[in-house]
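A.B. asks: Build me a model from this:
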Amino acid sequence: MHRPTMLKLLAATLALAAAGPAAQAAEFYFRTPSDNIYCGFNTFSGQGEVRCDIRSYTPTLGQPPGDCDLDWGDSFSIGARDKRGSVVCHGDTIISPGAKVISYGTSWSRRGITCAVEETGVTCTNRKGHGFFVSRREQNVF
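C.D. replies: Model (predicted):
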């Protein structure tokens, strides 16, 4: 491999690494028209997964678990085969300025996960009916 090509490849690899794991793996980003909830779809560990982060909210889930010393309560995920949605203990974000706006009253689906975008919030579920709901006023995993 020529040196200029190798340097370009190294620069691209470093840029992806600096972007963080969520940015590397997301295949599709979307957001609500209010610009408050951002979601990303990815295929970590061979299964489809959606993660949504909320920018402005009133916490309704209580205290973070003792083993989480990062951000907690503003990020939620569900995998296609998960038995329950989860609150993500995280040090990164899925918020992306290039996220596509999904209109209120519409749904988005991919690989066993559906997210319904309403003015009242975003609900993401897998085929088993497990998932999460997030809004400015309420957050819930089920």
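A.B. asks: Run a quick neighbour tally on residue 122.
C.D. replies: Residues near residue 122, counting by other CB atoms under 10 Å, number 26. C-beta here means a position set from N, CA and C on the backbone, and glycine is covered the same way.
A.B. asks: per-residue confidence for it?
C.D. replies: Residue 122 carries a pLDDT value of 98.
A.B. asks: Go ahead and confirm it touches residue 134.
C.D. replies: Yes: the pair residue 122 / residue 134 is scored as a contact, 5.5 Å apart, by CB atoms under 8 Å.
A.B. asks: quick one: common contacting residues for the two?
C.D. replies: 37, 52 (CB atoms under 8 Å, 6 or more residues apart in numbering).
A.B. asks: in this protein, which helix or strand is least confident?
C.D. replies: helix 3-19 (a mean of 34; mean pLDDT, DSSP states H and E).
A.B. asks: Below-threshold pLDDT in the chain: ranges please.
C.D. replies: 1-26 (pLDDT under 70).
A.B. asks: All good on my end, thank you.
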